[in-house]
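In: This is the structure alone, sequence omitted:
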């Protein structure tokens, strides 16, 4: 008898004999002549109700072992439930208990636990409805991302995790070493003898795969990365992780407008597919976590994103009656309050802001003809702020060299990157999406640490 | 006019007017009245031949800029080539050159370059036929892996890269720190004050996601990881990388036999799909790199894998007439020569060896009833040796604790892992596949550093 998954049983909705399921007990309710067991197997939010009749063999002994968290295998007949919501239930013929779960010590009790508490039991927390649903959403989201790019002929590139570039320009770097930290080899002047370390020079965890993705776009036209990236920032907030996954497409022969088109289509595609593939989980989040997530998702899917230049956005902000904590004037970095005002109050839709002041942006962004702004873009979501950042890249060697000099970046280390402008350079563009931010926004969960299976943050790298 | 990809033009094989392509020059051949340009856009191994007639505007100036490596855009008419192999070619109406490539300095000349040399220009090497084909095979392989597991209802889990477990038991660990290596804080006794470091304790790059995958299998039944893993081993060989990607499925309610079934089906599926989706690239490897790769792939797809216990394998080896450098006797780790003899000479097919001596294997492998062997499995390929290693995991708390004690592993750090055996434990199994090894075997390339875009090895982490 092949094991069935509970998700498939509910989806098919067919009454069947000789069903075998395997899973874990969520709750047990004993009545006089029989017992109800809610079994979950991780395939769906929904439990399958199993009915143990007193007449089955070893009824009493089996019941003793069946507590919240116990593992079991049940064979029986799938019947229509006479209960109020007309679903299916399994009348057990035989039950085999694999593993008990002591109700005195099992940390997951029937009551609702705080997410903070659940983080302390990271190895068990995905047994709860909310965290379980996050894992299914992540999985669905990941496949939607791959399928979007694959359908368009993009190639996946695994960019390196360990890097000796310290100029990727996106934040503080973790150091990697094979030295004994008690005993770092130093020369007479007290400088670390990196030539003795594993890679022969200072090495770091990557903050972005963009530069390497550019290498590949100059050969394969359209590529994307999807891998872990790192920030050694001491940010103990609900929006920061020290380790998170990033999606970074890079497209040759693509300008800022094409970049915006792809990014918008991409976001619509991913939201649409997750809604389609995880409707129950999304409804759960809408019901229990944030009552606007379904509405927000529909808006992203159906509304054309507004597009506005930074300069026009500043004009709007300056001429609005709204009082901001941080005054909006040309040259500033847009603050969260400005971004949310634009998306929520002015446009009431996702909005793409382009052409930011050159001084606020990274060296690789393409200088516009006004020489004041660069071909950057940020996609802002209502209630959320920035979800995607991207740009057209500077493809002109001389301009890129000037920008590097302005920002005091040593071009020697980037000679390979400059070579891409020496040999067959083309206009090209790309963007980055923080994967956990997307999952966070999609589900409405408050803290990003719930959006990744094993969060890494300051003083926190357990399990 | 929308840009077409060269792969699609050849696949469709249809004559068309008003075609636009974008790509890079591979070669140029000037004749009296026209010039042939071979253009590649990364979508396929095959170049599209473009014919520039002397009559197009700016013929001379354009030609000057079109060297190997130059980037261009061509619009024209796709016609049947009168050449010997009856393919398609593009008669150019207009040509736009985006970026020149100085033939005096461009490192990729027409002659064949050694892979060693190409590694020194890692930012350009994928512009060659072989390395370009590797990227397409990697991409296809990745999607086949995802699709295999997704079709079976497995959930993808992103297990952590940064870990504070130093007992994953698979090799030397890279250290991660936020300390200034010049100035490591130490207490009076000279011990590193890890409580001042980012994570508050020693942190490492993961060597395996297995333990965390087990956490998830105890909730979702069937899961898999697909992410980067690391070894700080000073192994300068053609089979080792310091950073490589690993696939690790983990299945609840699954014993060693089920594990073998899934692993065999998995390998067949991936090889089959790559052959189907990248036939040209695979033929290229078969023609130029290793003349047996297609035959090997067919064998993996079509032959049932042999299965034999370690004990029976040792008997076979002891009773064979073959002279081994390392004597085969019960208790040894099988050497490469033994593995290859079994797969190539005895069975002439892939073979799965199971039930190895407990002393040679990791703590988490399930102890068999004989108490001498564990429920481990290795899949051996002809000419290759081990490609997959896996096991049924020890699900019994008391036996696991004994094994940890035997191997002097401090159980305190693994209390969360032991909890999985305390609360709803079930028989479960999994295996690991080194992704680059698979790509290496599939393509026949000699050195694994060609199987990953940006290889990391001792003294080598460039680009």
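Out: Done, it's in. Keep in mind that this is a model prediction, so the values were computed, not measured.
In: Can you give me the pLDDT of the closest residue to residue A:52 other than its chain neighbours?
Out: The shortest distance from residue A:52 to any residue that is not its chain neighbour, by CB to CB, 6 or more residues apart in numbering or on different chains, is 4.5 Å, and that residue is residue A:35. C-beta coordinates here come from the backbone N, C-alpha and C atoms, glycine included. The model reports residue A:35 with a pLDDT of 97.
In: got it, and the one 4 residues further on?
Out: At residue A:39, the predicted lDDT confidence score is 98.
In: what packs against whatever helix or strand it lives in?
Out: Counting by DSSP states H and E, the secondary-structure element that holds residue A:39 is strand A:34-40. Contact analysis of strand A:34-40 by 3 or more CB pairs under 8 Å, 6 or more residues apart in numbering or on different chains; DSSP states H and E lists strand A:16-30, strand A:48-53, strand A:71-80 as its packing neighbours.
In: what lines up beside that strand in the sheet?
Out: strand A:16-30 (antiparallel), strand A:48-53 (antiparallel) (DSSP bridges).
In: Show me which residues of the stretch 251-400 of chain A sit near chain B.
Out: Of all the residues in the stretch 251-400 of chain A, those in contact range of chain B (CB under 8 Å from any CB of the partner chain) are A:252-253, A:395.
In: Could you report the distance from the residue of the stretch 251-400 of chain A found nearest chain B to residue B:2?
Out: The stretch 251-400 of chain A approaches chain B most closely through residue A:253 (4.5 Å), counting by CB to the nearest CB. Remark: distance between residue A:253 and residue B:2 (CB to CB, to the nearest Å) = 11 Å.
In: all strands in the stretch 101-250 of chain A, in order from the N-terminus.
Out: A:155-156, A:162-163, A:175-177, A:203-205, A:222-230, A:243-252 (DSSP state E, counting those that start in this stretch).
In: Columns distance to residue B:176 on top of these, output as CSV?
Out: Shown next, in CSV, are these (distance: least, CB to CB, whole Å):
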stretch, distance to residue B:176
strand A:155-156, 26
strand A:162-163, 10
strand A:175-177, 6
strand A:203-205, 7
strand A:222-230, 9
strand A:243-252, 10
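In: Switch those over to JSON lines; also include distance to residue A:15 and mean neighbour count.
Out: Formatted as JSON lines, those follow (distance: least, CB to CB, whole Å; neighbours: other CB atoms under 10 Å in any protein chain shown):
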{"stretch": "strand A:155-156", "distance to residue A:15": "43", "mean neighbour count": "22"}
{"stretch": "strand A:162-163", "distance to residue A:15": "55", "mean neighbour count": "23"}
{"stretch": "strand A:175-177", "distance to residue A:15": "57", "mean neighbour count": "23"}
{"stretch": "strand A:203-205", "distance to residue A:15": "54", "mean neighbour count": "23"}
{"stretch": "strand A:222-230", "distance to residue A:15": "42", "mean neighbour count": "25"}
{"stretch": "strand A:243-252", "distance to residue A:15": "42", "mean neighbour count": "25"}
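In: Pull the number of nearby residues for the residue lying closest to the residue of the stretch 251-400 of chain A closest to chain B once chain neighbours are set aside.
Out: Nearest residue to residue A:253, sequence neighbours excluded (CB to CB, 6+ apart): residue B:22, at 4.5 Å. Residues contacting residue B:22 under the criterion other CB atoms under 10 Å in any protein chain shown number 21.
In: Over to residue A:47?
Out: The number of residues packed around residue A:47, counting by other CB under 10 Å, is 18.
In: contacting residues for it?
Out: A:6, A:26-27, A:38-40 (CB atoms under 8 Å, 6 or more residues apart in numbering or on different chains).
In: hmm, 6 Å instead?
Out: By CB atoms under 6 Å, 6 or more residues apart in numbering or on different chains, the residues touching residue A:47 are A:26, A:38-40.
In: most tightly surrounded among the strands paired with strand A:34-40?
Out: Comparing the strands paired with strand A:34-40 on average neighbours per residue, with mean count of other CB atoms under 10 Å in any protein chain shown, the densest one is strand A:48-53 at a mean of 20.
In: Can you give the contact residues for that one?
Out: A:6, A:34-39, A:74, A:89-92.
In: Stretch A:325-332 too?
Out: Residues outside stretch A:325-332 that contact it (CB under 6 Å, 6+ apart) are A:314, A:317-318, A:335, A:338, A:357.
In: which residues are contacting stretch A:413-432?
Out: If you take CB under 6 Å, 6+ apart as the criterion, stretch A:413-432 is touched by A:211, A:217-218, A:246, A:248-255, A:259, A:263, A:388-390, A:392-393, A:395, A:397, A:400, B:24, B:69-71, B:98-99, B:101, B:106, B:123, B:463.
In: ends of that stretch, how far apart?
Out: 23 Å (CA to CA, to the nearest Å).
In: buried residues in that stretch?
Out: Residues A:414, A:416-432 are the ones in stretch A:413-432 that count as buried (16 or more other CB atoms under 10 Å in any protein chain shown).
In: Now find how far off-centre it is within its chain.
Out: Its chain's average C-alpha position is 28 Å from that of stretch A:413-432, according to CA atoms, centre = their mean, to the nearest Å.
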